[in-house]
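Visitor: Mind folding the following:
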Amino acid sequence: MLIPSTVRLGRPIVTTSWDDGHASDLRLAELLGRYGFRGTFYVPFRAVREPLLTPAQLREVAKSGIEIGGHTLTHPSMKGLGLERSRQEVRESKQRLEDILGRPVTSFCYPNGDLDAEAREAVRQEGYSLARTTVNLRTSVGGDPLRMPTSLQFYPHSAYKRLRIFGRNRDVPGLLRWATGHGCRAGLDGLIDSLFNHAMRNGGVFHLWGHSWELDRFELWGPLERTLERLSGRAGVRYLTNAETLEAVSKP
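Guide: Reported below is the predicted structural model:
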């Protein structure tokens, strides 16, 4: 299924996603719910940062309204991994999550945003409906549900680091958006407001993503709460999970 990348929604959407399945996701789920936000947590079975959510904690998070998505078994770079190894990583993590949750798992996130054609094909063959990337500065879901972009990572990258991310993703359109549409802003608050307001004006999607372990490590819980408070409760805005966002955009 391909989606017109220029589709204009009747009501704008805010969605969030959070990677790596760290135990601090419990705190994050509570914080998102407090301000009326939904989200998708992408969970691997090998820890990027200890400790991982336990199966019981995963079920607790899912009961709060958070969507749980796949993030492979061992969090490898899928770029160059090959079709069969990628399929194994994707399939076995999907099966484990579904066994834990007792429900289908339909959303996936490429570890570190690394992918190629074989990685995408592995995700397709294993039955996922969407796969999120780390491509940023977008206010739509893009044209390919298995290459879903984002608006911004919740992390205070320097301008130099943002340039490196554009280069790593070979993202010339994103670089041009940053330079011409968002004034080469490097500050997190300024970029959030610029992208959020663009999505609100144009009937788009604002997609904030990050890692709860980074909120711990870099003392970002306070800044995140202030951001959620500032963006919450907007009239006419839908606050959705990633899967709900894809469904809404497919039927605007």
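Visitor: give me phi/psi at the nearest residue to S107 once chain neighbours are set aside?
Guide: Nearest non-adjacent residue to S107, counting by Cβ to Cβ, 6 or more residues apart in numbering: G69, 3.7 Å away. Bear in mind the C-beta positions are built from the backbone N, C-alpha and C, glycine included. Reported as degrees, to the nearest 10, the phi and psi values for G69 are phi -120, psi 160.
Visitor: G69 and Y42: what is the separation?
Guide: Going from G69 to Y42 by Cβ to Cβ, to the nearest Å gives 5 Å.
Visitor: So for these two, which residues contact both of them?
Guide: Jointly contacting G69 and Y42 under the rule Cβ atoms under 8 Å, 6 or more residues apart in numbering are S17, S107, F108, C109, R132.
Visitor: farthest-separated two in these?
Guide: Across the shared contacts of G69 and Y42, the longest distance by Cβ to Cβ is 10.8 Å; it joins S17 and F108.
Visitor: Need the overlap of contacts for these two.
Guide: The contact sets of S17 and F108 overlap at Y42, G69, R132 (Cβ under 8 Å, 6+ apart).
Visitor: any idea how far N242 is from the last one?
Guide: Shown here: R132 relative to N242, a distance of 6 Å by Cβ to Cβ.
Visitor: what's the answer for the second one, then?
Guide: For G69, the distance to N242 (Cβ to Cβ) stands at 7 Å.
Visitor: Specify which residue of the two has the higher count of neighbours.
Guide: N242 (32 against 28; other Cβ atoms under 10 Å).
Visitor: Run through the residues that contact the more buried one.
Guide: Each residue near N242 by Cβ under 8 Å, 6+ apart is listed here: T15, S17, G39, T40, E67, G69, S107, L130, R132, M148, H207.
Visitor: excluding its backbone neighbours, what's nearest it?
Guide: Counting by Cβ to Cβ, 6+ apart, N242 lies nearest to T40, which is 4.0 Å off, once chain neighbours are set aside.
Visitor: Need the contact partners of the helix or strand harbouring R124.
Guide: In the assignment (DSSP states H and E), R124 maps to helix 117-125. Outside helix 117-125, the residues within contact range by Cβ under 8 Å, 6+ apart are 78-79, 81-83, 86-87, 89-90, 108, 110, 131, 146-147.
Visitor: which residues are common contacts for R132 and N242?
Guide: With Cβ under 8 Å, 6+ apart, R132 and N242 have common neighbours S17, T40, G69, S107, M148.
Visitor: Reformat those as a markdown table; add secondary structure and pLDDT.
Guide: Output for the shared contacts of R132 and N242, formatted as a markdown table (DSSP: H, G, I helix; E, B strand; the rest coil; pLDDT from 0 to 100):
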| residue | secondary structure | pLDDT |
| --- | --- | --- |
| S17 | strand | 99 |
| T40 | strand | 99 |
| G69 | strand | 99 |
| S107 | strand | 99 |
| M148 | strand | 98 |
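Visitor: Closest one to T54 out of those, please.
Guide: Using Cβ to Cβ, these come closest to T54 at G69, 17.5 Å.
Visitor: Now for that closest one: which residues touch it?
Guide: Contacts for G69 (Cβ under 8 Å, 6+ apart) come out as 17, 40-43, 105-109, 132, 242-243.
Visitor: CSV please, covering those and showing distance to A119 and secondary structure.
Guide: Shown next, in CSV, are the contacts of G69 (distance: Cβ to Cβ, whole Å; DSSP: H, G, I helix; E, B strand; the rest coil):
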residue, distance to A119, secondary structure
S17, 18, strand
T40, 19, strand
F41, 21, strand
Y42, 15, strand
V43, 18, strand
V105, 17, coil
T106, 17, coil
S107, 15, strand
F108, 10, strand
C109, 12, strand
R132, 13, strand
N242, 18, helix
A243, 20, helix
